[in-house]
Structure formats: structure tokens, C-alpha cells
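[1] Give the three-dimensional model of this entry:
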Amino acid sequence: MTSDAIAHPSHVSTARNPALTAALAVTAIAAATLVGAWFFQLVLGLVPCPLCLEQRYAYYLAVPLGVLVALAAAKDAPRGILLAGLALLTLAALGNAVLGTYHAGVEWKFWQGPTDCTGPIGNLGSAGSLLERLDTVKVVRCDEIQWTFLGLSLAGYNVLISLLMAAIGAWGIRGLVRK
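    The predicted model follows:
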């Protein structure tokens, strides 16, 4: 046993367990991405469009599934279960990358997107104040970029994050197959 293994026993268990490492990494990235999305929505006031909300589904799946796969890997579950869990995480991330690419293409006007929009409707009150209230409803369109950094929109960053998660999942699968 090396001195590093003695000093950092948890390092040895994750280094020898690619399923555990991959599942924990995907879970952490998915959770951080959701926290970021909620920050943009709740703190910065960027209301998500329907495609933005749909792109969150993969992260909502990845967090609990990643925890389950990590727990299974830590308990030395059968390889088939770990492979199935990592494959599902990888496929969800790849599907989300495709959805994010579609959304980014809609934003950049490469193709037409969905026609539905979101916005708080709530109580419209009496008929007399209906027009006033409709003026205050913020409708978010999927083809309008609300925020960019270094030339990429949030949909573009979603593509990159999803591809990273898929690559980590594929790395975990490869490590399990080689084991």
C-alpha cells in the first residue's frame, strides 16, 4: 500500500471504482447546474422558457439516479446494475445535449422553435383591469436569448455541461468494462 493510500483512504476507493467516481461527478455537476438555473431564475429574475424547463428534466433525473448508482457502486453491486445506471445517466445527458442544441439553434434563428410561451397568468381580476394585468405578464419566448457569456447562451452552456456529464458517464462505463 502506498503512502498516498494510507493518508487518503477514500482516494483509493474512488480511484479503483470508476462507477462510484463517475456517478458522484455526474451527480455533483447536475446538482450544481440546477442550483445555477434556480439562481438565474429566482435571484436574477430570468424566467425560463418551455425549452429551458424541459432541459432541467435530465438534471432532475441525474441527481437521484446518480446518488443511487454511487450507493450501489460503494456497496459493490453487480456490474450489470452499475452499467445500466451509468448508461441511463449517459443517455439522459446525451439527450439533453441534443435538446440544448435544438434550443440554441432556435435562439440563433437556425430553425423555428415551439410556439408556446410561458408567463405567470394568475388572477386576471375584473374585465375592466384585464388589459392592465395583461400588460404586466412577462412572456418568455424560446427564440429570445436572455443572457450570454462569451458568446454562449444558457442553452449553449447546457449543451457543454450535458456533453461533459455524458463523457464522464462513458468513462465510468469504460472503466467498469475494463475492470
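[2] C-alpha from now on. contacts and neighbour counts both.
    Fine.
[3] what's the longest helix seen in the chain packed up against?
    In the chain, with assignment by DSSP state H, the single longest helix is helix 79-107. Under the contact criterion of 3 or more CA pairs under 8 Å, 6 or more residues apart in numbering; DSSP states H and E, helix 79-107 touches helix 18-38, helix 50-74, helix 154-178.
[4] Which positions within it qualify as buried?
    Judged by neighbour count using 16 or more other CA atoms under 10 Å, the buried positions of helix 79-107 are 79, 82-83, 85-107.
[5] before we move on, what about stretch 29-41?
    For stretch 29-41, a neighbour-count test (16+ other CA under 10 Å) marks 29-31, 33-34, 37-38, 40 as buried.
[6] next one: stretch 105-116
    Those buried within stretch 105-116 under the rule 16+ other CA under 10 Å are 105-107, 113.
[7] Where does pLDDT dip in this structure?
    Regions of the chain meeting the criterion pLDDT under 70 cover residues 1-15, 116-139.
[8] how close does the residue nearest the centre of the chain sit to Ala28?
    Nearest to the mean C-alpha position of the chain, by CA atoms, centre = their mean, lies Tyr59 at 3.6 Å. Tyr59 sits 10 Å away from Ala28, going by CA to CA, to the nearest Å.
[9] same question, Arg174
    Noted for Arg174: a distance of 20 Å to Ala28, by CA to CA.
[10] Pick out whichever of these two has more residues nearby.
    Legend: neighbour count by other CA atoms under 10 Å for Arg174 and Ala28, higher for Ala28 (17 against 14).
[11] Setting the sequence-adjacent residues aside, check what's closest to the more buried one.
    In this structure, Ala28 finds its nearest non-sequential neighbour in Val63, 7.6 Å apart by CA to CA, 6 or more residues apart in numbering.
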